[in-house]
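Participant: Okay, structure incoming, though there's no sequence with it:
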């Protein structure tokens, strides 16, 4: 059992990672002529390569231990490879707001299911309340955004985008759960994340042959591409892996509900997007969800519930 100090460090690492991920939408707005698939494949692929380079010594020690769990490892690799393709295509088909919210908000649910059904871990009342509060907050956050541009998306497009958003949420939960399982088996966190992302990079980078036409066509496009690969992906997932040392995947993915909140604030301040009053209620609920995840649950209460 991890102590409260270690859990707090894990939570803070996930929060910082979420802040970094929340900048991706604003950054991508400065390279509108670059395919979303190209940005996703490049950032996740190059981020994975950088993770491998950083963790190469630990990987040489841990790779045998990872390969002893081939099903979990392959599930993690496949999830990492599918996630950016589903996530960015979802945003293109249904709009940034809906695509992001569906992808991020469904991940904690899927992570909780994986941990309950496969890892046989209990789901606490605190987690369930946090999930409900966070999900409602994300919904209000979406309603608070100016949806005037959503008319450009057909019903069929939005429907397919929502389905792909759910797939993105499932794969996000999948690689988070796989990384946590590897860490619990004795694999170092940097080895776990770099192993999954490095192998996924072998699948993602070749797709740039078909999608990377404008990736480096201008200095702004090049800057955005490199920023996305180095800061949100490489550094963000380094922190995310560190956080998984101390907290479960279901809790980690729940904390990352802060990502759309950060993205919304940046869109208002930097891009100038409009925001309705109801959205601020969503901000408050997501903040409450985050606060609940930083509070240590009372062991006495848990024991009392078990003995009833």
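Facilitator: Right, received. Where do you want to start? Only a predicted model underlies this, so the values are computations on that prediction, with no experimental measurement involved.
Participant: didn't residue 170 look like it was pressed against residue 108?
Facilitator: No - using Cβ atoms under 8 Å, residue 170 is not in contact with residue 108, being 11.5 Å away. Heads up, the C-betas are built off the backbone N, CA and C, glycines and all.
Participant: Residue nearest the middle of the protein, spatially speaking?
Facilitator: Taking Cα atoms, centre = their mean, the centroid of the chain lies closest to residue 172, which sits 5.8 Å from it.
Participant: Got phi/psi on the residue lying closest to that one once chain neighbours are set aside?
Facilitator: Excluding its sequence neighbours, the residue lying closest to residue 172 (Cβ to Cβ, 6 or more residues apart in numbering) is residue 107, at 4.3 Å. As for residue 107, its main-chain torsions (degrees, to the nearest 10) stand at phi -60, psi -50.
Participant: Give me the number of neighbouring residues for residue 107.
Facilitator: In terms of burial, residue 107 registers 28 neighbours under the definition other Cβ atoms under 10 Å.
Participant: what residues are up against it?
Facilitator: Under the criterion of Cβ atoms under 8 Å, 6 or more residues apart in numbering, the contact partners of residue 107 comprise 169-170, 172-173, 176, 253, 256.
Participant: Identify, from those residues, the entry nearest to residue 37.
Facilitator: When the contacts of residue 107 are compared for distance to residue 37 (Cβ to Cβ), residue 172 wins out at 17.1 Å.
Participant: So between residue 170 and residue 108, which is more surrounded?
Facilitator: Using other Cβ under 10 Å as the criterion, residue 170 and residue 108 rank with residue 108 on top: 28 against 21.
Participant: So that one sits against residue 257, correct?
Facilitator: Yes - in this structure residue 108 lies within contact range of residue 257 using Cβ under 8 Å: 7.1 Å.
Participant: Mutual contacts of these two, please.
Facilitator: What both residue 108 and residue 257 touch, as defined by Cβ under 8 Å, 6+ apart, is the set residue 134.
Participant: How far away from the center of its chain is the helix ranked longest in the chain?
Facilitator: For the chain, the helix that runs over the most residues, judged by DSSP state H, is helix 155-184. Between the centre of helix 155-184 and the centre of its chain there are 9 Å (Cα atoms, centre = their mean, to the nearest Å).
Participant: The residue nearest to residue 87 when sequence neighbours are not counted: what's it in contact with?
Facilitator: Counting by Cβ to Cβ, 6+ apart, residue 168 is the residue found nearest to residue 87 once chain neighbours are left out, at 4.0 Å. With contacts defined as Cβ under 8 Å, 6+ apart, the neighbours of residue 168 are 82-83, 86-87, 90, 102-103.
Participant: Can you list which of those residues are found in helices?
Facilitator: Secondary structure defined by DSSP H assigns 82-83, 86-87, 90, 102-103 of the contacts of residue 168 to helices.
Participant: Please identify the helix or strand for residue 57.
Facilitator: With secondary structure defined by DSSP states H and E, residue 57 is part of helix 56-67.
Participant: meant to ask about residue 52, not that
Facilitator: helix 36-54.
Participant: Any stretches of the chain with poor pLDDT?
Facilitator: Regions of the chain meeting the criterion pLDDT under 70 cover residues 1-6, 95-97, 119, 123, 142, 145-155, 273, 275, 290, 293-308.
Participant: repeat that with 50
Facilitator: Using pLDDT under 50 as the threshold, the predicted model of the chain has low-confidence ranges 1-2, 298-308.
Participant: Which secondary structure state is assigned to residue 215?
Facilitator: When the structure is reduced to helix, strand and coil (DSSP: H, G, I helix; E, B strand; the rest coil), residue 215 reads as coil.
Participant: residues near it, how many?
Facilitator: 20.
Participant: again, but for residue 186
Facilitator: 11.
Participant: which one is it nearest to, not counting chain neighbours?
Facilitator: The spatial neighbour of residue 186 that comes closest, neighbours along the chain excluded (Cβ to Cβ, 6+ apart), is residue 65 at 5.9 Å.
Participant: quick one: the one you found from residue 207, how far?
Facilitator: Residue 65 sits 30 Å away from residue 207, going by Cβ to Cβ, to the nearest Å.
Participant: Also residue 61?
Facilitator: Per Cβ to Cβ, residue 61 is found 31 Å from residue 207.
Participant: out of the two, which sits in the more crowded spot?
Facilitator: Between residue 61 and residue 207, counting by other Cβ under 10 Å, residue 207 is the more crowded of the two (18 against 12).
Participant: residues touching the residue nearest to that one when sequence neighbours are not counted, list them.
Facilitator: Residue nearest to residue 207 in three dimensions, not counting chain neighbours: residue 41, with 4.8 Å by Cβ to Cβ, 6+ apart. Remark: with contacts taken as Cβ under 8 Å, 6+ apart, residue 41 is in contact with 84-85, 204-205, 207-208, 211.
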